[in-house]
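Trainee: Generate coordinates for the sequence data below:
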Amino acid sequence: MTSALCGCSAASMAPRAMIGAEAGRGHASPVAFARRGTLSSQIRDSEEAPMAEGMGIKRLDHVCWAVWKIDDVLPLLTDLMGMEVVARFRDEEQGYAGVALRVPGGNAEFEVLEPVGEDSFLVRFLKERGPGLHHVTFIVEDIERAAAAIRAFGIEPWGGVRRRHGWDETFIHPLDSGGVLFQFYTEHHEGPAK
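Mentor: Okay, here's the model as predicted:
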């Protein structure tokens, strides 16, 4: 699920508040990680994975990489990393084309987007920031609950809650997260018109 919301300028990407180590929460040293393994292996190996109760996150859906040309990076992902293309899509109105790839051993996908047309939000993004991480997307149980949890945390969901054909979504803007666009969505299936 991709939205055309992140036409952010480079200047607007600076975090509003310090997060992580700068905020006093600190991070483990590389030595500590070497002794205990990666965080993902600890979570995977634990009896119960921690859940984001307040937001109702069900799982990571995908991570998105913005590039100038998908075909230039596809061999890296498929031939070297063993990802499998599961879908190709194009949205002329929003100005992007994309590919979804299945990641080996996981239940999340990796998405790659390229701009379609010179007025695409991705052209602006790529000119200002270059190819790289565009957004991280989570599936949530209920989009209104997720938006309420974001507000309760002191952040206004970027763009509010948006209703799309087949899903509802909301975002945390990179200015509010320390540099990453987070997307949250809930799928819904619309029945026949009555």
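Trainee: nearest spatial neighbour of Val123, skipping sequence neighbours?
Mentor: Distances taken as CB to CB, 6 or more residues apart in numbering put Pro115 closest to Val123, at 4.6 Å, once the chain neighbours are dropped. Every residue, glycine included, has its C-beta placed from N, CA and C.
Trainee: How confident was the prediction at the one you found?
Mentor: Per-residue confidence (pLDDT) for Pro115: 98.
Trainee: Just give me the neighbour total for it.
Mentor: Per other CB atoms under 10 Å, the neighbour tally for Pro115 reads 21.
Trainee: next one: the one 5 residues further on
Mentor: The criterion is other CB under 10 Å. On that basis, Ser120 has 21 neighbouring residues.
Trainee: that older thread, wait, the residue nearest to Val123 touches Gln94, no?
Mentor: No: contact criterion CB atoms under 8 Å: Pro115 and Gln94 do not qualify, at 10.2 Å.
Trainee: list residues touching both of these two?
Mentor: Phe121 (CB atoms under 8 Å, 6 or more residues apart in numbering).
Trainee: Domain map for the protein?
Mentor: Using automatic domain parsing, the domain parsing of the chain gives 56-134, 141-194.
Trainee: Show the pLDDT at the closest residue to Ala97 other than its chain neighbours.
Mentor: Nearest residue to Ala97, sequence neighbours excluded (CB to CB, 6+ apart): Arg90, at 4.3 Å. On the pLDDT scale, Arg90 is placed at 97.
Trainee: Repeat that for Glu190.
Mentor: pLDDT for Glu190: 56.
Trainee: Next, give phi and psi for the residue nearest to Val123.
Mentor: phi -70, psi 150 (degrees, to the nearest 10).
Trainee: any idea which element the residue nearest to Ala97 lies in?
Mentor: Assigned by DSSP states H and E, Arg90 falls within strand 84-91.
Trainee: Using PDB, write out the CA atom coordinates for that strand.
Mentor: The C-alpha trace of strand 84-91 is given here as PDB (Å, rounded to 0.1, in the frame of the first residue of the first chain):
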ATOM      1  CA  GLU A  84      11.000 -13.000  -5.300                       C
ATOM      2  CA  VAL A  85       8.900 -10.600  -7.300                       C
ATOM      3  CA  VAL A  86       5.200 -11.100  -6.300                       C
ATOM      4  CA  ALA A  87       3.600  -8.100  -7.900                       C
ATOM      5  CA  ARG A  88       4.200  -5.100 -10.200                       C
ATOM      6  CA  PHE A  89       2.000  -2.100 -10.100                       C
ATOM      7  CA  ARG A  90       1.600   1.400 -11.600                       C
ATOM      8  CA  ASP A  91      -0.400   4.400 -10.600                       C
END
